[in-house]
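Q: mind looking at a prediction? Sequence and model below.
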There are 2 protein chains.
Amino acid sequence: MCGVLTDALSTVLREPVQLTVAGRTDAGVHATGQVAHADLPASLDTAWLVRRLARLLPPDVRVRTVTAVPDAFDARFSALRRHYRYRVATAPSGAEPLRARDTLSWPFPVDVEAMNAASVRLLGEHDFAAFCKRREGATTVRELQRLVWSVDDAAVVTAEVSADAFCHSMVRSLVGALLDVGRARRTVDWPASLLSRGERASEVPVAPAHGLALVGVDYPSDEELEARAAVTRNVRTTAT
Amino acid sequence: MCGVLTDALSTVLREPVQLTVAGRTDAGVHATGQVAHADLPASLDTAWLVRRLARLLPPDVRVRTVTAVPDAFDARFSALRRHYRYRVATAPSGAEPLRARDTLSWPFPVDVEAMNAASVRLLGEHDFAAFCKRREGATTVRELQRLVWSVDDAAVVTAEVSADAFCHSMVRSLVGALLDVGRARRTVDWPASLLSRGERASEVPVAPAHGLALVGVDYPSDEELEARAAVTRNVRTTAT
């Protein structure tokens, strides 16, 4: 997505554009609520840019809106929290054709109550190393703020997952572990028991990428952004 | 869909199966609520059949449920009414990638109120020949029971269209005409004025197939089916 969008922006503006995205997504993971920033000429007509990009970009990448933001805004570092969603079709007939692209077919009955009970035990700030693909220099301590499962009339089970940030493959590993709880292959206590592990737990299955989507990113208000930038500037000034 | 499903059923049952569907759909039109009937052995485990078909069918054809019905049931001729839905993405950025498969990208502002005003004038029993591809021996007199447009937060405009039955390309022609009203290329009275035409109106654009889906089919209750079949039998007896 990032490369395609960078190319399109550079084409429109006739100069190289540097793009910063809020959340990188693995191959196959969708993003319906991605946010990115770039430095563009202040005179640019943003409505015009949206229409131009709609014609230039492939149909599977869309830019919904372009908005001017304070200088202090950084799509990645200003983000307060990321929201993901994972969809699992549990009906015996599998995923609906029109939603098969972003829904895992897992045609087994699952105990959503047990999955929610196991999810609650994971909330809060923990070392999620058991659920992360280790990356050199990256912390695995994260604050899991929300992890809730619901089921609709068509037996599609959906997880809503929010955290300040996620380590690599964390949502897919949490989903894989919780689906094992849902099928009664593991106890309700099992996922949380892995939090003490301190390293990748190989017995945690990683759910397939295509059921996952980044659906939103939260940012502070413009005023808070400016205030925070001012604080950072002060610290820097003091530190000099 | 029909051919693929007939083949899968014949494979499972090891004998040729004849399938009757409620509503035929043109190439590219989706069906999320299609209904079909076939004569199968009464001893068949329907839950088992759903699971078998889930493995045999391609991912874009799913059988949600299999239910035993009275002998009098006919997927096509017992149907009281068909429900279609047409989705149009009017945002400047076009259709969302995950819904582009069943949503027309039509990145222009439309006047939904005008489209609804024009739609109301089409309700009731009329000769819809202006909106039909003529087919030898097929009537173009239909009862349009519902035609309502709504718009969601993401500027997706959706038509819900119900009738006892539809002639060939009728929904797509109605949508094409009403989108022209929405863009103020035509007046609110124009679509209904074509009802007196009595033949295909070449100035009516036919909206692309992929925005359209058959979403449901209504049937009488089992008791009413039996009663109606009894009436038919009586008539036949009398007539002999």
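A: Received the coordinates, thanks. Numbering: from 1, shown residues only, chains lettered A, B, ... in the order given.
Q: need the contact list for residue A:114.
A: A:181-182, A:184, A:188 (CB atoms under 8 Å, 6 or more residues apart in numbering or on different chains). Backbone N, C-alpha and C define where each C-beta goes, glycine included.
Q: most neighbours out of these, which is it?
A: residue A:182 (25 neighbours; other CB atoms under 10 Å in any protein chain shown).
Q: in which helix or strand would I find residue A:185?
A: In the assignment (DSSP states H and E), residue A:185 maps to no helix and no strand.
Q: give me phi/psi at it?
A: Per-residue torsions, residue A:185: phi -80, psi -20 (degrees, to the nearest 10).
Q: any idea how far chain B is from it?
A: Separation of residue A:185 from chain B (CB to the nearest CB, to the nearest Å): 20 Å.
Q: what's the burial count for that residue?
A: Residue A:185: 10 surrounding residues under other CB under 10 Å.
Q: so it versus residue A:88, what's the distance?
A: Noted for residue A:185: a distance of 15 Å to residue A:88, by CB to CB, to the nearest Å.
Q: report the secondary structure state of the nearest residue to residue A:143 once chain neighbours are set aside.
A: Once flanking residues are discounted, residue A:143 sits nearest to residue A:125: 4.4 Å by CB to CB, 6 or more residues apart in numbering or on different chains. Following DSSP: H, G, I helix; E, B strand; the rest coil, we place residue A:125 in the strand state.
Q: residue A:125 and residue A:141 touch, don't they?
A: Yes: between residue A:125 and residue A:141 there is a contact under CB atoms under 8 Å: 6.6 Å.
Q: each with direction, which strands does the longest strand seen in chain A pair with?
A: Scanning chain A for the strand with the most residues, using DSSP state E, yields strand A:141-151. Next to strand A:141-151 in the sheet, as set by DSSP bridges, lie strand A:124-127 (antiparallel), strand A:156-163 (antiparallel).
Q: residue A:24 is nearest to which of those?
A: Set against residue A:24 and scored by CB to CB, the strands paired with strand A:141-151 come closest in strand A:156-163, at 14.6 Å.
Q: check the offset of that closest one from the chain's centre.
A: Computed by CA atoms, centre = their mean, to the nearest Å, the chain-centroid distance of strand A:156-163 equals 11 Å.
Q: quick check: buried residues in the longest strand of chain A?
A: A:142, A:144-145, A:147, A:149 (16 or more other CB atoms under 10 Å in any protein chain shown).
Q: for those residues, give me JSON lines that also has pLDDT and distance to residue B:18.
A: Formatted as JSON lines, the buried residues of strand A:141-151 follow (pLDDT from 0 to 100; distance: CB to CB, whole Å):
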{"residue": "A:142", "pLDDT": "94", "distance to residue B:18": "57"}
{"residue": "A:144", "pLDDT": "97", "distance to residue B:18": "54"}
{"residue": "A:145", "pLDDT": "97", "distance to residue B:18": "56"}
{"residue": "A:147", "pLDDT": "98", "distance to residue B:18": "49"}
{"residue": "A:149", "pLDDT": "98", "distance to residue B:18": "42"}
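Q: quick check, nearest of those residues to residue A:223?
A: For the buried residues of strand A:141-151, the nearest to residue A:223 is residue A:145 (22.8 Å; CB to CB).
Q: that closest one reaches residue A:162, doesn't it?
A: Yes: assessed by CB under 8 Å, residue A:145 is found in contact with residue A:162 at 4.7 Å.
Q: up against chain B, what does chain A have?
A: A:30, A:32, A:47, A:50-51, A:53-54, A:59-65, A:91-102, A:105, A:107, A:213 (CB under 8 Å from any CB of the partner chain).
Q: all set now, cheers.
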